[in-house]
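Chemist: coordinates only, no sequence provided:
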């Protein structure tokens, strides 16, 4: 078998066999197939597509390129959650303790933020002392004792995916349905998940800008799961505006704590309850979405989920007292209030603009491994559909300097749209796709 | 400007600007843009195409990546000829001396054979002493004195094309109309041609298998020429069966000598007269194709073209006495006659099968820089349309061993098709496309 023949077959729109896909991915992982051949192949895949069968084979070839984790000792069904990334998305911080408290263990591998999209690890590291680099033993022991743990993704799981992703990033081959779907699914499967809830973001601040695109991606991942006996549920969630009110690492920790206490923004609470309920369903800890949501709502409102959060943070060496004293989290020197420039209903609050402004403030990074400032960010005081009077507080910018705050304020205001009449925001949850079972 | 943005734009079907194409090709030639980005870009170009304007820009960007030759001192119009490659194609060996004798200087850079397609340099090197590695001064001086010279392509002309071609070869991005057209034209333009006659082969033994494909490629090259003030004529010539009767390096030299003497196979003579006439027209050495052909036919039949050949061979250090004594050329130890297995009309004589059989005998190479045997090859005794009696000589195989000869014989017979009724061969020349002038 020669790599160039497989490139040509994919270029000509043919379906590759299981053996051919395994040959290519193994060869790439083991440096027998060079970057330039893989780049040409990836472009051919992007432009020609892959069948479901090919995508399943690609996923499993990437899983086979490295180690796989077994978490079977933790419970009969290991449920994972994955978000395709967005702005102000602190869902894991709420959902993790919530479902752990409901009896479903959470073994989460997370990534860092890149571009306008934040990352759970960055948020957690704004908690003084918090460690994300646990040994496999510590990871397992913390889950066994506290029901959850979050660590950084290891390069040992699906290494072919890591290598391919880095190549796709510089060769214009990121936005390919089969390549995205197999990348996500290979990491989850290698990480030991039996069932997965996908939080697929849709809109201006997401990779998928339309519901149609997001549904297609979600369906492909459900199909992959079906092919390899992993149950997958996909929640298509709006990301035209940020999720919740806070954007920025320690600011999002504060908002997560409020939500775990039952006082969070309505959209964030709703989003977290939806995802957590789907996880309980897959994990056989609830029979109906309604029953799951009722139980989960109680865990928030009684403070049980927050207490779970507190103990988990302590277990990962973080300062547990942040729960009662948010001043223990990093604070930005400047808090700059931006007033509404006009009266009206907010018609648009561009998530991408918010995400990019947060990056400029120092909350995120343009390139991998760049340092970030955990203290800076944005707190919104109103969202799409809300009526606002001119001069009322619209948002607060947490910045390192007045100049940076003012520049971000100007940039953010450009991301708003206004209406003189009432505005109906996009639904928070567009659809929930479950595998027919 | 970033390479990845240009890859994405081409991936999405956009037209790249002149500056963008120059940036990409310069960057690649100067190793600032890596192979993997160029491979992804080439695949996007293959699958998305390029406009004529982009193809012109690509051609001239490759020309600009290296030196350019000026041959203006040789005459008012420098005419070059290029064949897209075929089996038994010794046209240059005949056409060169022929048009040189008609007063048009021939400054030819040629390549070596690869795969089933032969190369002019390999054929010339079967002449004892012949040298193809001339200095630029020697090249020029020999043309000035003898009207023609043939040298190996220098890496200094359009080096970006050389680099890109090598990459395309291993990334499944060879069969792209704009990439093929710009590759050919960049080399010819960098080589100093004012006008170019393209010998575009069509059929089973050619890169372009259909007249439609060949016409499209030819038209694109004519369009490129038009865009940069080079007149281009394209001859679409059949390559379903080999050209002439001989395949193999010294065997083709012998056939070229016979043709220059006026005794060559009818199809080869016809093909050479057609191409030579088009060259004279572009070089303003004739007013009509008919006048050109008549004059050229005389140059063959009177031996003047052969004498030109003899003097040119001597000028490039080759043995001129081969003209009168073909035994001075390398001879294969085995000559194996293959008889017709049945009576009938030859309906098919697959050029690719012949080319591949010749490679197996040692006349060509599968990979670059592999050694070849100048003596081996195939001589056909009948071609498509000819009636043959069972047991009559069908072809003679010149081989290193009896075993190799017999294996080649079996392989070759499989490339024949037979008919009980008369067969009309494909026309030798399908079309001649001239720039509207």
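Modeler: Cool, the structure landed. Everything numeric in this text was worked out from a predicted model, so none of it was measured.
Chemist: give me the element the nearest residue to residue A:94 once chain neighbours are set aside is part of.
Modeler: Closest residue to residue A:94 apart from its sequence neighbours, by Cβ to Cβ, 6 or more residues apart in numbering or on different chains: residue A:272 at 4.3 Å. (C-beta placed from N, C-alpha, C; glycine too.) In this structure, residue A:272 sits in helix A:266-282 according to DSSP states H and E.
Chemist: quick one: the strands in chain A?
Modeler: Ranges of strands in chain A, per DSSP state E, are A:79-83, A:106-110, A:148-152, A:195-202, A:231-238, A:246-247, A:334-339, A:344-349, A:377-380, A:387-388, A:393-399, A:416-419, A:429-434.
Chemist: quick one: which of the ones you listed is nearest residue A:52?
Modeler: strand A:231-238 (13.0 Å; Cβ to Cβ).
Chemist: and the contacts of the closest one?
Modeler: Contact with strand A:231-238 is made by A:194-203, A:211, A:214-215, A:218-219, A:221-222, A:224-226, A:243, A:271, A:274-275, A:278, A:281-282, A:425-435, A:437, as judged by Cβ atoms under 8 Å, 6 or more residues apart in numbering or on different chains.
Chemist: list the contacts of residue A:303.
Modeler: Going by Cβ under 8 Å, 6+ apart, residue A:303 touches A:261-262.
Chemist: what about 10 Å?
Modeler: Counting by Cβ atoms under 10 Å, 6 or more residues apart in numbering or on different chains, residue A:303 makes contact with A:260-262, A:310, A:323.
Chemist: which residues sit in contact with the residue nearest to residue A:94?
Modeler: By Cβ under 10 Å, 6+ apart, the contact set of residue A:272 is A:90-96, A:98-99, A:243-244, A:256, A:259-260, A:264, A:296, A:300, A:305.
Chemist: care to break chain A down by domain?
Modeler: A:3-49, A:72-325, A:331-419 (automatic domain parsing).
Chemist: need those in a markdown table (columns: mean pLDDT).
Modeler: As requested, those are exported to a markdown table (pLDDT from 0 to 100):
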| stretch | mean pLDDT |
| --- | --- |
| domain A:3-49 | 97 |
| domain A:72-325 | 94 |
| domain A:331-419 | 95 |
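Chemist: distance to residue B:348 added to those domains, as a markdown table?
Modeler: Shown next, in a markdown table, are the domains of chain A (distance: least, Cβ to Cβ, whole Å):
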| stretch | distance to residue B:348 |
| --- | --- |
| domain A:3-49 | 25 |
| domain A:72-325 | 41 |
| domain A:331-419 | 59 |
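Chemist: out of these, which gets nearest to residue B:331?
Modeler: Nearest of those to residue B:331, taken as Cβ to Cβ: domain A:3-49 at 37.5 Å.
Chemist: pull up the distance across that closest one, start to finish.
Modeler: End-to-end distance of domain A:3-49: 18 Å, with Cα to Cα, to the nearest Å as the criterion.
Chemist: so it, near chain B or not?
Modeler: Yes - using Cβ under 10 Å from any Cβ of the partner chain, domain A:3-49 reaches chain B at A:3-13, A:34-48.
Chemist: now find how far off-centre stretch A:428-437 is within its chain.
Modeler: 17 Å (Cα atoms, centre = their mean, to the nearest Å).
Chemist: still on that earlier bit, what about the contacts of residue A:272, which are in helices?
Modeler: Using DSSP state H, the subset of the contacts of residue A:272 located in helices is A:91-96, A:98-99, A:256, A:259-260, A:296, A:300, A:305.
Chemist: list the buried residues of stretch A:258-267.
Modeler: For stretch A:258-267, a neighbour-count test (16 or more other Cβ atoms under 10 Å in any protein chain shown) marks A:258-260, A:262, A:264-265, A:267 as buried.
Chemist: stretch A:412-424 now?
Modeler: A:412, A:415-416, A:423.
Chemist: out of those, who's nearest residue A:188?
Modeler: Of those, the one sitting nearest to residue A:188 (Cβ to Cβ) turns out to be residue A:415, at 32.6 Å.
Chemist: my read is that the closest one contacts residue A:338, right?
Modeler: No - contact criterion Cβ atoms under 10 Å: residue A:415 and residue A:338 do not qualify, at 11.6 Å.
Chemist: tell me, how many residues neighbour residue A:367?
Modeler: 7 (other Cβ atoms under 10 Å in any protein chain shown).
Chemist: go on, the one 4 residues further on?
Modeler: Residue A:371 has 6 neighbouring residues, counting by other Cβ under 10 Å.
Chemist: name the nearest residue to it, sequence neighbours excluded.
Modeler: If the residues on either side of it in the chain are set aside, residue A:371 comes closest to residue A:365, at 7.7 Å by Cβ to Cβ, 6+ apart.
Chemist: surely the one you found is in contact with residue A:114?
Modeler: Yes - the pair residue A:365 / residue A:114 is scored as a contact, 6.5 Å apart, by Cβ under 10 Å.
Chemist: overlap of the contact sets of the two?
Modeler: Both residue A:365 and residue A:114 are in contact with A:122, A:359, where contact means Cβ under 10 Å, 6+ apart.
Chemist: so what's the most centrally placed residue in chain A up against?
Modeler: The geometric centre of chain A, computed from its C-alpha atoms, lies nearest to residue A:83 (Cα atoms, centre = their mean), at 3.0 Å. Residue A:83 is in contact with A:89, A:91-92, A:95, A:110, A:117-118, A:120, A:184, A:197-201, A:206, A:235, A:237, A:239, A:243, A:275, counting by Cβ under 10 Å, 6+ apart.
Chemist: quick check: residues of chain A near chain B?
Modeler: Going by Cβ under 10 Å from any Cβ, the residues of chain A near chain B are A:2-13, A:34-48, A:167-176.
Chemist: keep only those of those residues that are in helices.
Modeler: A:3-11, A:35-48, A:167-170.
Chemist: if we can go back for a sec, quick one: which of the contacts of residue A:303 is nearest chain B?
Modeler: Nearest to chain B out of the contacts of residue A:303 is residue A:260 (Cβ to the nearest Cβ; 40.5 Å).
Chemist: touching, the closest one and residue A:94? I think so.
Modeler: Yes - counting by Cβ under 10 Å, residue A:260 does reach residue A:94; the two are 5.8 Å apart.
Chemist: now do the shared contacts for these two.
Modeler: With Cβ under 10 Å, 6+ apart, residue A:260 and residue A:94 have common neighbours A:269, A:272, A:300, A:305-306, A:309.
Chemist: from the residues you listed, which is closest to residue B:18?
Modeler: Distances from residue B:18 to the shared contacts of residue A:260 and residue A:94, taken by Cβ to Cβ, are shortest for residue A:272, at 52.2 Å.
Chemist: now do residue A:84 against residue B:239, distance only.
Modeler: 52 Å (Cβ to Cβ, to the nearest Å).
Chemist: how close does residue A:393 sit to chain B?
Modeler: As for residue A:393, its distance to chain B is 39 Å (criterion: Cβ to the nearest Cβ, to the nearest Å).
Chemist: grab the nearest non-local neighbour of that residue.
Modeler: residue A:381 is the one closest to residue A:393 (Cβ to Cβ, 6+ apart), at 4.8 Å.
Chemist: please tell me I have it right and that neighbour contacts residue A:392.
Modeler: Yes - the criterion here is Cβ under 10 Å, and residue A:381 meets it with residue A:392 at 7.8 Å.
Chemist: follow-up on the earlier one: now the buried members of the residues of domain A:3-49 next to chain B.
Modeler: Buried among those (16+ other Cβ under 10 Å): A:3-4, A:6-11, A:34-48.
Chemist: show me the contacts for residue A:37.
Modeler: A:2-4, A:6-7, A:24, A:27-28, B:35-36, B:39, B:167, B:170-172.
Chemist: nice, that's everything, thank you.
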